[in-house]
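**Q** how would this look folded up:
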Amino acid sequence: MTSPRTLFVACAAAFALLAADAIAAGGGGPTPRPDVPRPSPSQNPKDRDRETEFEKAEYLIKGDKCDEAMPILQKVVADNHRDADAWNYLGFCARKLGKKEEALGYYQKALALSPKHKGANEYLGELYLMMGDLPKAEQQLAVLKGICPNGCEELEDLEADIADFKANRPS
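**A** Below is the predicted model:
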């Protein structure tokens, strides 16, 4: 008999392969980079539903369907207002949909819950660049340098975005 944990690991692996195929087929969206692994499946049905909803939203985001992912993520944070990853993805989606002020609020909530959340710090820096605020983007870069003294993908991505911003702004 297959244990529930073995079944979960197999399902998670299959989901990862499907997500990789979606991205390879042209789906964009963020690479999920939670700073703390999401907890293993809960025995509480409500918690399992929330985890499933988060995974559904994450899949939609990878397929560039932020407009569809947002209501799902809003339900996730309504059920658990301490889910920094969900707040971060809400910020990502709001930013991608051009809702800069809304995105700012979501990132601030994510970082209030998890100040060292690498994804939220990177995405907030990218939002500041969209808003034309280079000094604040550079502040987020400094935060990431403190979080990742040996480097990390989020730090490298924001450094590249800042370099592009500087190269493309009018003199």
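**Q** The most centrally placed residue in the chain and residue 74, how far apart?
**A** The residue lying closest to the centre of the chain (C-alpha atoms, centre = their mean) is residue 89, at 4.2 Å. As judged by C-beta to C-beta, to the nearest Å, residue 89 and residue 74 stand 11 Å apart. C-betas here are computed from N, CA, C, even on glycine.
**Q** okay, residue 58: pLDDT?
**A** For residue 58, the pLDDT comes out at 94.
**Q** brain fart, residue 169
**A** Residue 169 is given a pLDDT of 84.
**Q** and it, what are its phi and psi?
**A** Phi and psi for residue 169, reported as degrees, to the nearest 10, are phi -80, psi 150.
**Q** Distance check, it against residue 55.
**A** Relative to residue 55, residue 169 is positioned 39 Å away (C-beta to C-beta).
**Q** if you count what's nearby, which of the two comes out ahead?
**A** Neighbour count, other C-beta atoms under 10 Å: between residue 169 and residue 55, residue 55 has more, with 17 against 10.
**Q** so the more buried one is in which element?
**A** Applying DSSP states H and E as the criterion places residue 55 in helix 45-62.
**Q** The protein - how does it break down into domains?
**A** Following automatic domain parsing, one finds the domains of the chain at 40-114, 120-171.
**Q** Pull the distance from the first one to the chain's centre.
**A** Read that as domain 40-114. 8 Å (C-alpha atoms, centre = their mean, to the nearest Å).
**Q** Check stretch 156-163 too.
**A** The gap between where stretch 156-163 is centred and where its chain is centred comes out at 17 Å by C-alpha atoms, centre = their mean.
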